[in-house]
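> Please work out how this folds:
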Amino acid sequence: MAFLKEAEPERGAALPVLPGVSRIVADNPSLMTYHGTNTYLIEGDGGFVVLDPGPDDAGHLEDILRATGGAVSAILLSHTHSDHLGATAGLKARTGAKTYAFHLSADDAFTPDVLLRDGDSAVGMTALHTPGHASDHLCFAFRDGILFSADHVMSWSSSIVSPPGGDMADYFRSLQLVMERGDRLYLPGHGPPLPDPIPYVGELLDYRLKRENEIAAALADGPSGTWPLVDRLYSKTDPWLRRAAERNVLAHLLKLQAEGRARVTGETWSAT
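Residues are numbered from 1 along each chain as shown. You can find the predicted model right below:
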């Protein structure tokens, strides 16, 4: 896959993305988050909509408040992973803005003020339930064929699908859903904007299907655990990346099991 890269962004700054839209890239770089989480600031008549406040970091919260002048009218969450949710409570406390998120939160400690379901309108956008990376993941359809794709589709990397919150069958269906929409630009939760995203989403689907077929072929050769499958199918050596690969392998195996193509005894998987 041809992923997009970008230079490390200016820290603490509201970087223009589109007319009326900017992003602050949180200072939480890692192998899983690239340069950091994109916190989007969307201008509106009643103030700014903040999409994904980012990690629980006092400096990042102050950056958001400075860029918006504290005029935050709503807080939207794509999903409740900590690198997106962390600053939400602090931003709500400082601004009084209501929080909007999927009605079935994957974080027992968080309940949004406004419960969103698939297709609901939210401050001028449409919420699309796109589980796969996370059970409560939402993308937000904006104006003019623009989709805030969060961690469902990112330009710099494919997404990890880690059970139990991640589900590979859901991920396949959600990729198909956004591909059929035909949007012209994705604004992801990490990394740079993704223009002409539909062929890219098709590549993601093909890549996942190829990996699934490789796993099925490996099981046809004999029973295996997840880590031997990682060793067979991946070349990653970094411990974090190997762990991410193992979670993806498990997600594929659970999908194969649900389809009657694999079974598990203890921690050993085999073809049916």
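> per-residue confidence averaged over stretch 152-162?
If you average the pLDDT over stretch 152-162, you get 97.
> Over to stretch 259-271?
For stretch 259-271, the per-residue pLDDT averages 97.
> what's that stretch in contact with?
Outside stretch 259-271, the residues that touch it by CB atoms under 8 Å, 6 or more residues apart in numbering are 216, 219-220, 222-226, 229, 253, 256-257, 272. C-beta: built from backbone N, CA, C; applies to glycine.
> how far does that stretch sit from the chain's center?
28 Å (CA atoms, centre = their mean, to the nearest Å).
> And for stretch 23-41?
With CA atoms, centre = their mean, you get 12 Å for stretch 23-41.
> now swap in stretch 155-163 and tell me
7 Å.
> before we move on, back to that, can you select the buried ones from the contacts of stretch 259-271 in PyMOL?
Only the buried members of the contacts of stretch 259-271 end up in this PyMOL selection, burial being decided by 16 or more other CB atoms under 10 Å:
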select buried, resi 216+219+224+225+226+229+253+256
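> Give me the mean pLDDT for the lengthiest helix in the chain.
If you go by DSSP state H, the chain has its longest helix at helix 197-221. Mean pLDDT, helix 197-221: 97.
> In terms of secondary structure, what does the very next helix or strand once past it contact?
Sequence order places helix 226-233 as the next helix or strand after helix 197-221, per DSSP states H and E. With contacts taken as 3 or more CB pairs under 8 Å, 6 or more residues apart in numbering; DSSP states H and E, helix 226-233 sits against helix 197-221, helix 239-258.
> helices and strands around the longest helix of the chain, which ones?
Where contact means 3+ CB pairs under 8 Å, 6+ apart, helix 197-221 is packed against helix 168-181, helix 226-233, helix 239-258, strand 268-271.
> For it, what is the distance to the chain centroid?
Put simply, helix 197-221 sits 19 Å off its chain's centre (CA atoms, centre = their mean).
> With stretch 11-31 instead?
Worked out by CA atoms, centre = their mean, stretch 11-31 lies 16 Å from the chain centre.
> just the angle between the longest helix of the chain and helix 226-233, please?
110 degrees (axes from the mean of the first three to the mean of the last three CA atoms, to 10 degrees).
> picking up where we left off before, check the helices and strands packed on helix 197-221 for me and report the most buried one.
helix 239-258 (a mean of 19; mean count of other CB atoms under 10 Å).
> Give me the distance from it to the chain's centre.
Put simply, helix 239-258 sits 17 Å off its chain's centre (CA atoms, centre = their mean).
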